[in-house]
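A.B. asks: Task: produce atomic coordinates for the following.
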Amino acid sequence: MATTYDKASLVMIPSGVKESKLYSIKPTDGSGDFTFSRGTDTATRVNASGLIEKERANLFTYSNDFSNAAWTKVRSSVSSGSADPFGGSNAWSFLADTSANQQHYFNATISESGVGTLSLYAKANGYNWLRLRIPSEEAYFDLANGVTGSSTTGISASMTDAGGGWYRCEVAISDMSSSTSVFFHIAEGDGDIIIGGAPSGTDGLFIYGAQLNQGLVAQPYIETTTAAVYEGITDNLPRLDYSGGASCPSLLLEPSRTNLFEHSDYLSASFWIDDQITRVQNTTDTLSPEGVYNAVKLTETATTARHRLASGVITISNTTYTASVFLKKGTARYGFVHLSGANAYTIVVDLEDGTITDTATNSTIAHQSVEDYGNGWYRCSVAGNMASVTTAYIVQFGTAGSAEPTYNNYVPQFLGSTSNNIYAYGAQLEAGSYPTSIIPTYGTSASRAADDFVLNLATDIVQNGGTFMIELVGDVAGSGSSIPFLQFTHTNASSYVGFGATANWRCRINDNGTSRLVTSPVAHTENVKLCIRYGDFGYQYYANGSSFSTYTTAINIGDFTSVNFVINENYGILRIKQLLTFPTALTDSEAIALTTL
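C.D. replies: Now for the predicted structure:
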């Protein structure tokens, strides 16, 4: 007996993706696969492990071919074939030549900017010290004892034990544009790169896998040859998102947004102003929502004041903005997020349970929310109407002191303690009335283009009647409009089938210019399965196992040409769980079963 799935002409359940493509499960010949584009490398998602995932890259060429001319050897030599940290023989012997009282190193040219991390796997081989350096920022690594030595980096330096005497050594660089070269030195000791006397010519280090990537920590190593290599959430890769602890992904579609902050993660950068609060960047107290040590620890001073981190000078327009930041409880329980520009908006959040305990405002808050990202992290957001201005302190966040604090100019003020702290990560300011996924920035503001998702149909998907079903994850973002966010386009421009939303989810048929638009009883914030079936009997609309609208005059449209998802500010964030079409109208009982959650 045929199942409902067997009857379907198109089945898209987000699972298989590649660059510019989202695969449908049915049809199996590829004619149902969607074309996807976004065109920017700043998108993120929550992956199957519940962690925020960004684009990853190794900006070096020939990352493990140190004999290549991309690497300039100075009073040193390299040879391949040594045992590597992963059980192969792909490491290199990096030896000092016999030049006395000299530096012995190799280097590569770069043309990067912003925050980056330089890393190399290394092992002692006659000498025990390695120096990684971009002029003005450097760090020393003791390969005999597995500890970092002196450093001049403004961020952090660290070592990870890779086993067998190998360590991955990394140094976070606050500004990669400070130099056109990076350097890897054999060092005689901590702070000492002049090898005294005449080296034997047979001593040095073992090395493997150099990498330079944007961000505050070394990303998983990526092998390169003639060009930089990019992985993760790359430009045109559809985002399969597991937000909220989902076991199965949804397709994440968002409008274009810009993060106006020049540093989203490097919250110890000079762009951010510390006021009666101290900062420890890349704290090892807790993993960030990325699952790495790139969060900042914020600790109060012992004064009666506003204990806050504030944004530097930025320019905003006369419109609605949303400020957001990830906060986690430390020894302090309450945090706050403040947005101001003529109007002021503040939310106080209990970081123990993720609830908003208080607000302070001189206007109407357009949006406020707290999203649980696991491991104690909450993304705290507040939105409101702003005035055109260029100034600092537009966004502030920090500790709140209590659930309902006393305010100074809408910012919590209280007697702090040097034993009170919270953690922060991923700050964003974007024009719009709700927060979108974090857009990472590394020294300048950055934009994420809107997701563009279309299927051009090679054959018609219906006959004399049809059925369309979509399952979506509810979201508080967006208000909807009369334009469908999903539209099956007909050869006749006056005919189509689509789904949309205002405060509630909606179904729509345009029958040769006559609109059959009906709003369902299911709120936009709730998960929904919507279904439209139509034919010579008319139509029926369904939501979550019940029919909510019936029309009894025949509707006969066919010859569909494409499936388009319209992504705009009104609809906000779309998370699609599945999309199915059927060439004929299902029965009433089948449609009810198909839409039952």
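A.B. asks: for the helix or strand in which N213 is found, packing partners?
C.D. replies: According to DSSP states H and E, N213 maps onto strand 204-214. Here strand 204-214 touches strand 55-58, strand 76-82, strand 91-96, strand 116-125, strand 181-187, going by 3 or more C-beta pairs under 8 Å, 6 or more residues apart in numbering; DSSP states H and E. For glycine as for every other residue, the C-beta is placed from the backbone atoms N, C-alpha and C.
A.B. asks: try it again with 10 Å
C.D. replies: strand 55-58, strand 76-82, strand 91-96, strand 104-109, strand 116-125, strand 129-134, strand 166-173, strand 181-187 (3 or more C-beta pairs under 10 Å, 6 or more residues apart in numbering; DSSP states H and E).
A.B. asks: what angle do it and strand 91-96 make?
C.D. replies: 110 degrees (axes from the mean of the first three to the mean of the last three C-alpha atoms, to 10 degrees).
A.B. asks: mind checking the end-to-end distance for stretch 223-240?
C.D. replies: Taking C-alpha to C-alpha, to the nearest Å, stretch 223-240 runs 25 Å from one end to the other.
A.B. asks: Can you mark which positions in that stretch are buried?
C.D. replies: The neighbour-count check on stretch 223-240 (16 or more other C-beta atoms under 10 Å) flags T224, V229, Y230, G232, I233, T234, D235, N236, L237, P238, R239, L240 as buried.
A.B. asks: Mind checking the pLDDT average for that stretch?
C.D. replies: Averaging pLDDT along stretch 223-240 gives 95.
A.B. asks: re the thing from before, between the helices and strands packed on strand 204-214, which one is nearest to Y542?
C.D. replies: Nearest of these to Y542, taken as C-beta to C-beta: strand 55-58 at 39.4 Å.
A.B. asks: State the next helix or strand along the chain beyond that closest one.
C.D. replies: strand 72-74.
A.B. asks: strand partners of that following strand, parallel vs antiparallel please.
C.D. replies: strand 104-109 (antiparallel) (DSSP bridges).
A.B. asks: in the strand it pairs with, what counts as buried?
C.D. replies: Quick answer for strand 104-109 (16+ other C-beta under 10 Å): H104, Y105, F106, N107, A108.
A.B. asks: cool, stretch 328-338 as well?
C.D. replies: Those would be K328, K329, G330, A332, R333, Y334, G335, F336, V337, H338, for stretch 328-338 by 16+ other C-beta under 10 Å.
A.B. asks: give me every residue that touches the nearest residue to the fourth one once chain neighbours are set aside.
C.D. replies: Which is A332. Leaving aside its sequence neighbours, A332 sits nearest to N420 (C-beta to C-beta, 6 or more residues apart in numbering; 4.1 Å). By C-beta atoms under 10 Å, 6 or more residues apart in numbering, the contact list for N420 reads 277, 298-302, 307, 330-334, 399, 401, 414.
A.B. asks: rewinding a little: I'd like the buried residues of stretch 328-338 laid out as CSV, including pLDDT.
C.D. replies: Below are the buried residues of stretch 328-338 laid out as CSV (pLDDT from 0 to 100):
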residue, pLDDT
K328, 98
K329, 98
G330, 98
A332, 98
R333, 98
Y334, 98
G335, 98
F336, 98
V337, 98
H338, 98
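A.B. asks: Specify which member of those is nearest to N318.
C.D. replies: Of all those, N318 sits closest to H338, with 19.4 Å by C-beta to C-beta.
A.B. asks: Surely that closest one is in contact with Q368?
C.D. replies: No - here H338 does not reach Q368: they are 11.9 Å apart, not a contact under C-beta atoms under 10 Å.
A.B. asks: Mind listing the shared neighbours of the two?
C.D. replies: Contacts common to H338 and Q368, judged by C-beta under 10 Å, 6+ apart, are Y345, T346, I347, T361, V382.
A.B. asks: of those residues, closest to L253?
C.D. replies: Distance to L253, by C-beta to C-beta, is smallest for V382 among these, at 24.0 Å.
A.B. asks: Just give the number of residues close to the closest one.
C.D. replies: Using other C-beta atoms under 10 Å, V382 has 29 neighbouring residues.
A.B. asks: and it, what does it touch?
C.D. replies: So V382 contacts 321-325, 336-339, 345-347, 349, 356, 359, 361, 365-370, 395, 397, 435 (C-beta under 10 Å, 6+ apart).
A.B. asks: Would you double-check that it falls in a strand?
C.D. replies: Yes - assigned with DSSP: H, G, I helix; E, B strand; the rest coil, V382 falls within a strand.
A.B. asks: Report the beta-bridge partner residues of it.
C.D. replies: If you apply DSSP bridges, the partners that V382 bridges to are A323, Q368.
A.B. asks: so G443 touches S178, yeah?
C.D. replies: No - counting by C-beta under 10 Å, S178 is not a contact partner of G443; they are 11.3 Å apart.
A.B. asks: Give me the pLDDT value at N556.
C.D. replies: 82.
A.B. asks: is it true that it lies in a helix?
C.D. replies: No - the assignment for N556, made by three-state DSSP, is coil rather than a helix.
A.B. asks: so what are the domain limits for this structure?
C.D. replies: Following automatic domain parsing, the chain resolves into domains at 4-38+452-595, 72-230, 257-448.
A.B. asks: Show me the buried residues of stretch 223-240 that map onto helices.
C.D. replies: Secondary structure defined by DSSP state H assigns none of the buried residues of stretch 223-240 to helices.
A.B. asks: any idea which of the residues you listed is the one closest to N464?
C.D. replies: P238 (33.4 Å).
A.B. asks: Now do the contacts for that closest one.
C.D. replies: 14, 16-23, 34, 36-38, 43, 45, 249, 251-253, 451, 453.
A.B. asks: S151 too?
C.D. replies: 131-133, 137-141, 157-158, 171-172, 190-191.
A.B. asks: how about 6 Å then?
C.D. replies: A139, A157 (C-beta atoms under 6 Å, 6 or more residues apart in numbering).
A.B. asks: Report the separation between it and A162.
C.D. replies: 20 Å (C-beta to C-beta, to the nearest Å).
A.B. asks: How about L252?
C.D. replies: 34 Å.
A.B. asks: In what element of secondary structure is A593 found?
C.D. replies: Counting by DSSP H and E, A593 is found in helix 588-595.
A.B. asks: quick one: terminal-to-terminal distance for stretch 266-276?
C.D. replies: 19 Å.
A.B. asks: tell me which residues of it are tucked away?
C.D. replies: Y266, L267, S268, A269, F271, W272, D274, Q276.
A.B. asks: Please apply the same query to stretch 23-39.
C.D. replies: Applying 16+ other C-beta under 10 Å to stretch 23-39 flags Y23, S24, I25, K26, P27, G32, D33, F34, F36, R38 as buried.
A.B. asks: so how far is that stretch off the chain centroid?
C.D. replies: Stretch 23-39 sits 24 Å away from the centroid of its parent chain (C-alpha atoms, centre = their mean, to the nearest Å).
A.B. asks: Compute the mean per-residue pLDDT across that stretch, please.
C.D. replies: 92.
A.B. asks: same question, stretch 419-429
C.D. replies: On average, stretch 419-429 scores 98.
A.B. asks: Please tell me how far it is from the chain's geometric centre.
C.D. replies: Worked out by C-alpha atoms, centre = their mean, stretch 419-429 lies 17 Å from the chain centre.
A.B. asks: From R279, how far out is T315?
C.D. replies: With the distance defined as C-beta to C-beta, T315 ends up 25 Å from R279.
A.B. asks: can you tell me which residues contact I277?
C.D. replies: L298, H307, G398.
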